[in-house]
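>>> Kindly generate the corresponding structure for this input.
(one chain, ligands or ions: 1)
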Amino acid sequence: MANKIFVDACLGKETPYTPVWMMRQAGRYLPEYMKVRAEAGNFLNLCHDPKKACEVTLQPMDIVGVDAAILFSDILVIPDEMGMDLSFVKGEGPKFSDPITCEADIDRLIGGDEAASKLTYVFDTIKLIKQELAEDKALIGFTGAPWTLATYMIEGQGTKTYNICKKMMYSNPALLHKILAKVTEVIKLYMEKQIDAGIDVVQIFDSWAAAIEPSMYDEFSWKYMVEICDHLKAKYPNTPIIMFPKGIPTFLDKVYGNFDVFGVDWATPMELAKEKLGEKYVLQGNMEPCRLYSQEETTKSVDDIQKVMGTSRHIFNLGHGILPDVPVANAIHFVSECQRISKK
Ligand code: 1CP
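Got it, this is the predicted structure:
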């Protein structure tokens, strides 16, 4: 079987160059994606259709040349299958019509294996992708962190202030913990099933980590993410796990847990991440995604990151998702520059 350079890099092994992928690499900057999405009718239909979801997962492999594919789905399919009513309103993003306000709302949610088992379309997508993906490329499966999922479940949509979840955090923390614990149980089983279906690597996205004040971050988010890692590592010790908590440079000193790769966001200096975490974890990241608007700035940034990280214990990525108006040629340039500059 061919070696997967991306999996090797996650495990800290030597690789011929530093592998690269981009968060949100399957998406709206690709005209080919827009075409398949239009055929699907809407975004959720696309997630529910394994053939089409497989097709858009593979698009950036051929078009952009990345070293790993990321499953096409969304973090919000979990609360959707727990019984919340998810829709994507055009131009406004995700919406739940029935946000959680009290204990009875949590009790009504479907939990554990019953919820995880409803995500069959995701597992079917993974199986299809694995049939088509080149043997030397890896497939990344993912979940949102319990906290990031809870923000949508409580607010009913994306938020700038997080005032409803924070009101719960400070006035009724037990209720928030009850939501987080219930979601954590579903995620553990969901990720087991993703691994059983064939994913090679797990990434946990805590996109809204920065909303929590540093002294409370462990209690309301990180410890649940670590609980998921412990659960998965007990059963699948060889499946690498990537943690991506966005925007928490003040927490770097306190990071702990049984995982392999720490995803560095664009606002955290790579030097700092390397100093604090580089010995214990492989680091992933962290070009500022807006550098992609300029090929010159992209090359400069890749070069700078490479100088800090050298050619081992690193995976190139953006410091958050690629934006929809980035020219495809510039994404291709980023990927090929990472592979060229880090070649041994
Ligand atoms: O076609 C469209 O217009 C829909 C846009 C879109 C896409 C392409 C959404 C809606 N989700 C996705 C796919 C997706 N989402 C992937 C797979 C594709 C890939 O990465 O290549 C992944 C990993 C996600 C994960 C995701 N969804 C996150 C975590 C990652 C991050 O960027 O921080 C979050 C926060 C979401 C919620 C979500 N889904 C979609 C939108 C517009 C949002 C964000 C809304 C908000 O800002 O609150």
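
>>> residue of the stretch 201-344 of the chain with the smallest distance to the ligand?
With CB to the nearest ligand atom as the measure, S207 is the residue of the stretch 201-344 of the chain nearest to the ligand, at 3.2 Å. The way it works is simple: take the backbone N, C-alpha and C, and place the C-beta from them, glycine included.

>>> same deal with the chain?
G158 (2.4 Å).

>>> Grab the nearest non-local neighbour of that residue.
Spatially, and ignoring its direct neighbours in sequence, G158 is nearest to G93 (5.1 Å; CB to CB, 6 or more residues apart in numbering).

>>> Could I get the pLDDT score of that neighbour?
In the predicted model, G93 carries a pLDDT score of 91.

>>> Distance of it relative to G144?
Summarising the geometry, the distance separating G93 from G144, computed by CB to CB, to the nearest Å, is 14 Å.

>>> From what I see, the residue of the stretch 201-344 of the chain closest to the ligand and I248 are in contact.
No: counting by CB atoms under 8 Å, S207 does not reach I248; the two are 11.4 Å apart.

>>> Close to the ligand: what parts of the chain are there?
23-28, 37, 43, 70, 72, 74-76, 93-94, 142, 144, 158, 205, 207, 321 (CB under 6 Å from any ligand atom).

>>> Contact partners for N330?
The neighbours of N330, taking CB atoms under 8 Å, 6 or more residues apart in numbering as the test, are L292, Y293, S294, Q295, T298.

>>> Shouldn't it be within a helix?
Yes: N330 forms part of a helix when assessed by DSSP: H, G, I helix; E, B strand; the rest coil.

>>> What is the burial count for A267?
14 (other CB atoms under 10 Å).

>>> Disregarding flanking residues, what is the spatial nearest neighbour of it?
Spatially, and ignoring its direct neighbours in sequence, A267 is nearest to G247 (6.1 Å; CB to CB, 6+ apart).

>>> Got the phi and psi for the one you found?
According to degrees, to the nearest 10, the main-chain angles of G247 amount to phi 80, psi 40.

>>> again, but for K13
Backbone dihedrals for K13, given as degrees, to the nearest 10, come out at phi -80, psi 160.

>>> Report how many residues lie close to it.
Other residues within reach of K13, judged by other CB under 10 Å, total 13.

>>> One more: L86?
Neighbour count for L86, taken as other CB under 10 Å: 20.

>>> Then H314?
The number of residues packed near H314 is 29, by other CB under 10 Å.
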